[in-house]
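1. give me coordinates for this.
(one chain, ligands or ions: 1)
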Amino acid sequence: MDVSLKKVAVIGGGLAGLSAANKIAEAGIDVTLFEAAPQLGGRARAVVWKDQLLDNGQHILLGAYQQSLNLMASVGINESQALLRLPLALNMHPSFSLKAKNLPAPLHLLFGLSSAKGLAWHERFAAIRFFLWLKAKHFKLRHDEPLLDLLNRKKQPPRLIKCLWEPLCLAALNTPITTASAQVYVNVLRDSFNQSKKDSDLLLPKVDLSALLSEPVAENIKKNGGKIVLSSAVNDIKQNANGFELNIVGNKVIEFSHVVIATSPHHVHSITSQLNIASETTFDYQPIYTVYIQYPSHTKLKNPMTGFAQGIAQWAFDRGKLCGQDGLIAVIISAEGSHQTLSQKELADAVIDELKAAFPDLPRPESHKVIAEKRATFACTAGLKRPNQQTKIKSLYLAGDYTEGDYPATIEGAIRSGLSAAHLVLQS
Ligand SMILES: Cc1cc2nc3c(=O)[nH]c(=O)nc-3n(C[C@H](O)[C@H](O)[C@H](O)COP(=O)(O)OP(=O)(O)OC[C@H]3O[C@@H](n4cnc5c(N)ncnc54)[C@H](O)[C@@H]3O)c2cc1C
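-> Numbering: from 1, shown residues only. Predicted coordinates for the structure are as follows:
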């Protein structure tokens, strides 16, 4: 097809849809992105609270997220203004800490593990042995299995699992270690620790998530002639002789030659009820809770990011250190757990008590806000079959963090999926 005849719809303005539309617009193709919500960003967006901008959940990127960094650079985002880049350092309360050494990868990790605080020698060696075993296997497991089964088979001591492997699993896969895909976890270890030291850097946003990615990418789409239509849910898609008819909220019908569906999997189902593209996989979801606690503005934590190996709180971020929101602490609780049975007030009180126990000097908080994302990510379980970006129907594609790829539900996974769908559109 002549490029000038292509007319592409992208459904969904999360990072998958935005990265797809951006690539397509940059290629000079007519593209329109429809987003059901009044704002872009999907599961990575800014939220207004009182007079400040929070995020729907504190996000963290890794140095290995190359496509995310490329996208940011290509739309003119200055990395050092947008992200605080910290060499890998895990400070897990009460007693574990790991700091990467100033050596080439993977020695930076291996020597870091050999001097990790809070582990006995046999635990440090077990961690190193496990990493070297993965390296010898080129990070490719013979078959996928729950991560805990793999760790037990490889004789990883319980305390090492609790302090290191499990917190990394929750942070990266947002899936309990008992069911999480060992292969996807190993993919993340491979990309973060094995090639270049800076791949394991922690990248913490200095600006809100909308300013970090969705707004500048949207500007670039428009600059390249693409259209973005907000508050416009696509209700359903039909095939016709020219391609597809999209029925948009308000009963508007528009024709397109190509369509990229970049919504969550549960929305794909309802939009495509008239098409035979149902995936064989039923996705389960995992929650992420973020508890924002506002302390007096002089309050500071020692580190921008602190982990907790016990209790409800998993990670605490000092937003004063990250983005100038002085005294504001964001506490993350990933994946399912007993905290889901608490009311928001009970949860906030429990987290405030845990912080006070860990940092006795903390003053009384002034206010708090809990954001519960019940379907934060798909459950990245062992053996999960994820759909390819190419559907059974020609010129109809999928994008989204849940589609086929090496990564769990992450910004990088979403952006990679959007790029793959865009390549298919461009090649078709
Ligand atoms: C609380 C939280 C914390 C997280 N932390 C991290 C982290 O630290 N690091 C990390 O890398 N990732 C993190 N993630 C995951 C990351 O945010 C997601 O993987 C990524 O944003 C998913 O993007 P997506 O485009 O695939 O999907 P989505 O963001 O869900 O985008 C889908 C879009 O489609 C729209 N839509 C749905 N139906 C329709 C329709 N009918 N018509 C039009 N539009 C429609 C939706 O409104 C939405 O905007 C976190 C997620 C959450 C929720």
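2. who in the stretch 201-350 of the chain is up against the ligand?
-> Contacts of the stretch 201-350 of the chain with the ligand, taken as Cβ under 6 Å from any ligand atom, map to 233, 234, 262, 263, 264, 267, 271, 288, 290. Heads up, the C-betas are built off the backbone N, CA and C, glycines and all.
3. of those residues, just the buried ones, ChimeraX syntax please.
-> In ChimeraX, this line selects whichever of these come out buried by 16 or more other Cβ atoms under 10 Å:
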select :233,234,262,263,264,267,271,288,290
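4. show me the contacts for the closest residue to residue 157 other than its chain neighbours.
-> Distances taken as Cβ to Cβ, 6 or more residues apart in numbering place residue 123 nearest to residue 157, at 5.0 Å, with adjacent residues excluded. Applying Cβ atoms under 8 Å, 6 or more residues apart in numbering, we find residue 123 in contact with 157, 159, 160.
5. ok, so of the residues you listed, who is nearest residue 107?
-> Among these, residue 160 lies closest to residue 107 (Cβ to Cβ), at 19.7 Å.
6. give me the phi and psi angles of that closest one.
-> Backbone torsions of residue 160, given as degrees, to the nearest 10, read phi -70, psi -40.
7. which residue packs closest to it, ignoring adjacent ones?
-> Once flanking residues are discounted, residue 160 sits nearest to residue 123: 4.4 Å by Cβ to Cβ, 6+ apart.
8. downstream neighbour of the helix or strand harbouring that neighbour in the secondary structure list?
-> Remark: residue 123 resides in helix 121-136, with elements defined by DSSP states H and E. Counting by DSSP H and E, the next helix or strand C-terminal to helix 121-136 is helix 147-153.
9. right, is the longest strand seen in the chain up against the ligand?
-> Assignment by DSSP state E gives strand 367-378 as the longest strand of the chain. Yes: with Cβ under 6 Å from any ligand atom as the criterion, the ligand is reached by strand 367-378 at 373, 376, 377.
10. quick revisit: what does the model give the residue nearest to residue 160 for pLDDT?
-> Per-residue pLDDT puts residue 123 at 97.
11. check residue 3 too.
-> 52.
12. so residue 81 touches residue 206, yeah?
-> Yes: assessed by Cβ atoms under 8 Å, residue 81 is found in contact with residue 206 at 6.9 Å.
13. more neighbours: which of these two?
-> Neighbour totals were compared for residue 81 and residue 206, and residue 206 leads with 17 against 8 (other Cβ atoms under 10 Å).
14. contacting residues around that one?
-> Contacts of residue 206 by Cβ under 8 Å, 6+ apart are 81, 82, 83, 84, 322, 323.
15. next, give phi and psi for the residue with the largest distance to the centre of the chain.
-> Ranked by distance from the centre of the chain (Cα atoms, centre = their mean), the top residue is residue 241, with 38.1 Å. Phi and psi for residue 241, reported as degrees, to the nearest 10, are phi -60, psi -30.
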